[in-house]
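Asker: Quick check, what structure comes out for this input:
(one chain, ligands or ions: 1)
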Amino acid sequence: MMVTMPAETYLFGCLKDNFGVLIHDPQSGATASIDAPEAAPVEAALAKTGWRLTDILVTHHHGDHTAGIGELKARHKCRVVAPRGEAQRIAHIDETVGEGDIVKVGTLQARVIETPGHTAGHISYFFPADEIAFVGDTLFSIGCGRVIEGNPQMMWNSLLKLRTLPDDTRFYCGHEYTEANIRFAKTIEPNNKALATRADEVTRLLAAGQPTIPATIGDEKAANPFLRADSPEVAQLIARVGAPAWQVFAEIRERKNRF
Ligand SMILES: [Zn+2]
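Answerer: Sure thing, here's the model as predicted:
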């Protein structure tokens, strides 16, 4: 009988407030870095875990997600997988992928979900067997990425795709923005109990010097105002009753931009 071993992950800080994260397949020894904000912290994480870098899975072209790729690839000869829609904007790519493609990391398998809006070709990687998702700068805990290359409707649709992942899915995002996101979210839904619970948890984690992620999709659905733009309560709270959900989302995003 085939026995599958669960994936292991290792999370660490990079640059000012970026997250780096490794996912490791204990069966084959394969290890992927999700994005590569800078090489040195990834190297330190590899040294600490004793894992060997075989793959880099890129979510989008921004420099704070790609600057370390060249150095890491030169040293480890790892494969670089990147979004097809951003192939012209990312160096050192070996394979491009799009919606529904399967990316293997050893015996682990990720499904690619196109999540445009922050950038036009942004993708996320979902490992269904382990219920782990890497969502780059699309979804943050209690927040979402800025809509830079896309439009609000596009971003809302991307968030809806992530929202349909199983509730137990643990998601890893690109930045430690949770505390500031909570301060803003309270201005939208001041009486949201799930948000208050998450705020207490985040206060405890940060006081202990811990990262605030991963969070689960189920918890996030209850507390993140950007995932709640189609709830009648949220529409009412921002005085947009009857507006399409993407317009409610756009208004919340606009308020966050000014916050
Ligand atoms: Zn970005």
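Asker: For the ion, give me its nearest residue in the stretch 151-259 of the chain.
Answerer: Gly174 (6.4 Å; Cβ to the ion). All C-beta atoms are positioned from the backbone trio N, CA, C, and that covers glycine.
Asker: check contacts around that residue.
Answerer: By Cβ atoms under 8 Å, 6 or more residues apart in numbering, the residues touching Gly174 are Asn18, Phe19, Asp35, Thr59, Asp64, His65, Val135, Gly136, Asp137, Phe140, Gly145.
Asker: Can you name the residues bridging to the first one?
Answerer: In this structure, Asn18 bridges to Cys14, His175 when assessed by DSSP bridges.
Asker: So which residues on the stretch 51-200 of the chain come close to the ion?
Answerer: Selection of the stretch 51-200 of the chain residues close to the ion by Cβ under 5 Å from the ion yields His62, Asp137.
Asker: Okay, strands next: where are they in the stretch 51-200 of the chain?
Answerer: Using DSSP state E, counting those that start in this stretch, the strands of the stretch 51-200 of the chain run over residues 55-57, 79-83, 95-97, 102-105, 108-114, 123-127, 132-136, 139-140, 143-144, 170-173.
Asker: I'd like those as a markdown table, with distance to Ala222 and mean pLDDT appended.
Answerer: Output for the strands of the stretch 51-200 of the chain, formatted as a markdown table (distance: least, Cβ to Cβ, whole Å; pLDDT from 0 to 100):
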| stretch | distance to Ala222 | mean pLDDT |
| --- | --- | --- |
| strand 55-57 | 28 | 98 |
| strand 79-83 | 30 | 98 |
| strand 95-97 | 31 | 98 |
| strand 102-105 | 30 | 98 |
| strand 108-114 | 21 | 98 |
| strand 123-127 | 20 | 98 |
| strand 132-136 | 17 | 98 |
| strand 139-140 | 14 | 98 |
| strand 143-144 | 15 | 98 |
| strand 170-173 | 14 | 98 |
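Asker: Dump the ones you listed to JSON lines, plus distance to Thr4 and mean neighbour count.
Answerer: JSON lines is the format used below for these (distance: least, Cβ to Cβ, whole Å; neighbours: other Cβ atoms under 10 Å):
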{"stretch": "strand 55-57", "distance to Thr4": "19", "mean neighbour count": "25"}
{"stretch": "strand 79-83", "distance to Thr4": "22", "mean neighbour count": "24"}
{"stretch": "strand 95-97", "distance to Thr4": "23", "mean neighbour count": "18"}
{"stretch": "strand 102-105", "distance to Thr4": "13", "mean neighbour count": "16"}
{"stretch": "strand 108-114", "distance to Thr4": "9", "mean neighbour count": "21"}
{"stretch": "strand 123-127", "distance to Thr4": "12", "mean neighbour count": "25"}
{"stretch": "strand 132-136", "distance to Thr4": "14", "mean neighbour count": "27"}
{"stretch": "strand 139-140", "distance to Thr4": "27", "mean neighbour count": "28"}
{"stretch": "strand 143-144", "distance to Thr4": "32", "mean neighbour count": "26"}
{"stretch": "strand 170-173", "distance to Thr4": "17", "mean neighbour count": "23"}
